[in-house]
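Participant: what follows is a protein structure lacking sequence information:
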């Protein structure tokens with residue numbers, strides 16, 4: 001029998017005083033009085049434990065904010081754009097002046113049934129990841145397939161920076177050939193500089209090393225040799241080696257699926273250019289501050305180095321970029337490490353006012 005039932009029985013059935021029952025059962029007289037009042041109003045339900053949940057939740061998100069999170073999610077999905085919690089947090093902050101944690105956004109998306117559970121999915125921590133230490137250290141390239149509105153098969157060639165996943169070039173062609181690969185590579189070099197190395201699969205448009213030694217280098221390989229660029233080809237039957245550009249193809253196709261199907265190659269290229277602008281300037285980018293406490297960012301084909309501070313060296317960060325406005329956030333804690341407006345005219349973006357000669361003290 002519960003203590004509440006014993007107390008009620010002792011007072012109402014035995015006729016004992018509230019003060020005496022309180023002393024015998026080690027409770028306060030006020031608690032006994034409140035229990036009797038509850039029993040008078042509710043009957044036996046007074047014996048059941050009540051919820052200890054607070055009457056108010058000051059930190060709970062307003063329903064209007066929750067509705068906005070769901071609306072942003074659905075809008076991004078309908079456009080074929082990334083609709084993860086980090087992206088939604090960026091839209092809330094930049095377009096609605098609302099600061100909501102990524103964890104809260106994830107929780108409300110799951111509660112709304114907008115996140116498909118993947119209990120059998122391999123955890124990210126189990127993968128061995130490889131990434132270039134600096135921009136232009138390695139470029140990845142590959143092409144994927146697409147169809148126009150009339151069913152015509154076309155191919156899309158993509159060049160990606162291995163370090164930052166920056167999309168260097170995305171072009172549409174009726175069919176990818178060796179000369180096209182070489183030509184697009186030269187155009188990309190003219191815009192972004194010469195890379196130290198390139199990484200591709202073993203397709204004939206990229207390499208002739210499995211062609212039985214006939215014909216020598218193809219045009220793309222000849223350009224690499226002329227510029228002194230190291231050529232790296234993935235091991236056969238290991239498609240994950242070029243995983244970054246493969247993953248980029250998924251993002252690209254997801255976005256294209258959300259657009260009206262292009263009827264011509266020119267129209268498709270216009271869509272690709274629009275996607276490239278969205279992908280480059282309006283997405284959450286993941287990076288790591290180098291051991292010199294700098295972050296390298298590419299803008300308009302030029303590399304810029306942003307000083308963050310030695311205490312944050314090798315820290316994994318999220319970089320939010322909107323045109324020239326940049327926010328650098330600690331990926332683990334959510335702490336804002338630096339906020340700045342990029343100066344396109346200078347390479348290094350210092351943390352504060354550049355140091356100069358100390359000012360002379362005025363003579364007395």
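Facilitator: Okay, I see it. It should be emphasised that the depicted structure is a prediction, and the values quoted were computed from it without experimental measurement. Residues are numbered from 1 along each chain as shown.

Participant: where do the helices sit along this protein?
Facilitator: Ranges of helices within the chain are 3-12, 18-25, 29-42, 63-78, 85-96, 102-111, 178-192, 219-227, 243-257, 265-281, based on DSSP state H.

Participant: okay, these in TSV with mean pLDDT, mean neighbour count and distance to residue 159 next?
Facilitator: Bear in mind the C-beta positions are built from the backbone N, C-alpha and C, glycine included. As requested, the helices of the chain are exported to TSV (pLDDT from 0 to 100; neighbours: other C-beta atoms under 10 Å; distance: least, C-beta to C-beta, whole Å):
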stretch	mean pLDDT	mean neighbour count	distance to residue 159
helix 3-12	84	17	73
helix 18-25	88	15	79
helix 29-42	88	14	72
helix 63-78	92	15	25
helix 85-96	87	18	24
helix 102-111	92	16	31
helix 178-192	95	18	5
helix 219-227	94	16	12
helix 243-257	88	17	8
helix 265-281	90	16	11
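
Participant: distance to residue 50 for those helices - can I get that in TSV?
Facilitator: Output for these, formatted as TSV (distance: least, C-beta to C-beta, whole Å):
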stretch	distance to residue 50
helix 3-12	11
helix 18-25	19
helix 29-42	9
helix 63-78	25
helix 85-96	35
helix 102-111	25
helix 178-192	66
helix 219-227	74
helix 243-257	49
helix 265-281	52
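
Participant: wait, which of those helices is closest to residue 142?
Facilitator: With C-beta to C-beta as the measure, helix 243-257 is the member of these nearest residue 142 (4.6 Å).

Participant: rewinding a little: please identify which of the helices of the chain is closest to residue 167.
Facilitator: Of all the helices of the chain, helix 265-281 sits nearest to residue 167, with 5.5 Å by C-beta to C-beta.

Participant: which elements pack onto the closest one?
Facilitator: In terms of contacts (3 or more C-beta pairs under 8 Å, 6 or more residues apart in numbering; DSSP states H and E), helix 265-281 is packed against strand 153-161, strand 167-173, helix 243-257.

Participant: rerun at 6 Å
Facilitator: If you count contacts as 3 or more C-beta pairs under 6 Å, 6 or more residues apart in numbering; DSSP states H and E, helix 265-281 packs onto strand 167-173.

Participant: now the strand it packs on, how far from the centre of its chain.
Facilitator: Relative to its chain's centre, strand 167-173 lies at 22 Å (C-alpha atoms, centre = their mean, to the nearest Å).

Participant: tell me which of the helices of the chain sits nearest to residue 328.
Facilitator: Nearest to residue 328 among the helices of the chain is helix 85-96 (12.9 Å), distances taken as C-beta to C-beta.

Participant: name the helices or strands packed onto that closest one?
Facilitator: Counting contacts by 3+ C-beta pairs under 6 Å, 6+ apart, helix 85-96 is packed against helix 63-78, helix 102-111, strand 284-288.

Participant: measure stretch 295-303 end to end?
Facilitator: 10 Å (C-alpha to C-alpha, to the nearest Å).

Participant: so which bits of it are buried?
Facilitator: For stretch 295-303, the neighbour count (16 or more other C-beta atoms under 10 Å) marks 295-299 as buried.

Participant: ok, now stretch 190-199?
Facilitator: For stretch 190-199, by 16+ other C-beta under 10 Å, it's 192, 195, 198-199.

Participant: now stretch 50-57
Facilitator: Across stretch 50-57, burial judged by 16+ other C-beta under 10 Å covers no residue at all.

Participant: now that stretch: average pLDDT?
Facilitator: On average, the pLDDT along stretch 50-57 is 73.

Participant: start and end of stretch 303-318, how far apart?
Facilitator: One end of stretch 303-318 sits 18 Å from the other (C-alpha to C-alpha).

Participant: contacting residues for residue 46?
Facilitator: 38-39 (C-beta atoms under 6 Å, 6 or more residues apart in numbering).

Participant: let's see that with 7 Å instead.
Facilitator: Contacts for residue 46 (C-beta atoms under 7 Å, 6 or more residues apart in numbering) come out as 4, 35, 38-39.

Participant: beta partners of residue 341?
Facilitator: When bridges are called by DSSP bridges, residue 341 pairs up with residue 325.

Participant: now it: how far from residue 219?
Facilitator: Residue 341 is 42 Å from residue 219, where distance means C-beta to C-beta, to the nearest Å.

Participant: before we move on, what about residue 132?
Facilitator: Computed as C-beta to C-beta, the residue 132 to residue 219 distance reads 25 Å.

Participant: can you check residue 109 too?
Facilitator: Taken as C-beta to C-beta, the span from residue 109 to residue 219 is 48 Å.

Participant: just the buried residues of stretch 295-303: which are in strands?
Facilitator: Within the buried residues of stretch 295-303, residues falling in strands by DSSP state E are 295-299.
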